[in-house]
Every structure is written in structure tokens, then in C-alpha cells.
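1. the sequence and its predicted three-dimensional model are supplied below.
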Amino acid sequence: MKQFKTLLIAAALFIGATSFMSAQSKVAHINTQLLIKDMPEMTAARAEMEKLGKTYETDIQVSAKELQDKMKRYDSEAASQTDEENSKRVEEVKGMEASIRQYQAQAQQDLQNKEIELLKPITEKAKAAILKVAKAQGFDYVLDSTQGGGVIMAEGKDLLADVKKELGF
């Protein structure tokens, strides 16, 4: 009878442990930053951003050069001009400086908007592929293991290789 009780308790513990193990969620992880960085679409997006950035930078440099040239000319002519003319020139230079600053701010805003516009479809494609692979492999949760992303330890399945395969690279 004592052996039967022991056997019954052991069976209950085994069944409880088995059901606990099957009730746990399957968790995987992926470094989304690395995935997105490696996506072929990112290369094209980076190239487009660099091209746009260089265009703005060139425009700003041309404007700054014009301003410097005008300031040098006005400085050299200041002694031969009237006070009224010099005041007009100072206001003109201030206006040009303000215009350049405004253009720089607008260029920065345009670059940020363009980056968001270019990254949105890439991140959506990555997310869709992650979800597809995770679902196909039976994972309930996928954690982002990007450095500083909150996952301290990632011992579960890493989906990076599988998602890259799904995306075709």
C-alpha cells in the first residue's frame, strides 16, 4: 500500500510536470536591427538618403560661399559707402544668414521625413516575415534581441537565419 501511494504521487508529479511543460509558451528571439541592416532594400534606401543629403549639403555650401563672398565685398567697400547703404547691406547679410539657417532646418526635416518614408515598408516587410516564420515554427512570442532592446539573455531559438531565408537573402 505504501508503494502504491508513492507510485501514485510520482505519477501525479509526472503528469503535473508534463502538463506544465506543454503549457509554457514557446519563445524565440531575433535581432531586428541586424535583419533590417542586412536587407537588400536598405542598401537602396541608404544610397537614396546619402544622395539627398549630399544635394542639400551642396546647396547649403553654395549659399554659404555666396554669403562669404558678399560679406568680403561689402567689408572692402564699406569705407566708400554711406551709412545708410552700409545699414542696408548689413540687413541683407542678416537676411541671407537667416535664409540659410531656415533652409538647413527644412533640409533636416525633409531628410527625417524621407528616412521614415523609406524605412516604413522595409520594417513592415521584416515584421511580416518574422511573424510568418514564427507562426510556421510554432512560436508564441518573438523578442527583439537588438542590443539595448531589453532582452538580457536570449537562449531560445534565434529566427534571424530563417527570416533572412524567408526574405530571400
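-> Right, received. Where do you want to start?

2. from here on, contacts and neighbour counts on C-alpha atoms
-> Fine.

3. tell me, how many residues neighbour residue 36?
-> Neighbours of residue 36 under the rule other CA atoms under 10 Å: 19.

4. what does the helix or strand harbouring it rub up against?
-> Assigned by DSSP states H and E, residue 36 belongs to helix 32-38. Applying CA atoms under 8 Å, 6 or more residues apart in numbering, the contact partners of helix 32-38 are 42, 122-123, 126, 144-146, 160, 164.

5. show me what the longest helix anywhere in the chain is packed up against.
-> Determined from DSSP state H, the single longest helix within the chain is helix 83-136. In this structure, helix 83-136 makes packing contacts with helix 32-38, helix 40-77, helix 160-167, judged by 3 or more CA pairs under 8 Å, 6 or more residues apart in numbering; DSSP states H and E.

6. pull the distance from the helix holding residue 36 to the chain's centre.
-> In terms of CA atoms, centre = their mean, to the nearest Å, the gap separating the centre of helix 32-38 from the centre of its chain is 9 Å.

7. buried residues in it?
-> Buried residues in helix 32-38, defined by neighbour count with 16 or more other CA atoms under 10 Å: 32, 35-36.

8. avg pLDDT for that helix?
-> Averaging pLDDT along helix 32-38 gives 92.

9. mean pLDDT per helix and strand in this structure: which one sits at the bottom?
-> One helix or strand of the chain scores below all others by mean pLDDT, DSSP states H and E: helix 2-23, with a mean of 52.

10. show me what the helix or strand following that one is in contact with.
-> Reading on from helix 2-23 to the C-terminus, the next helix or strand found by DSSP H and E is strand 27-30. Strand 27-30 has contacts (CA under 8 Å, 6+ apart) with 134, 139-146, 154, 156-160.
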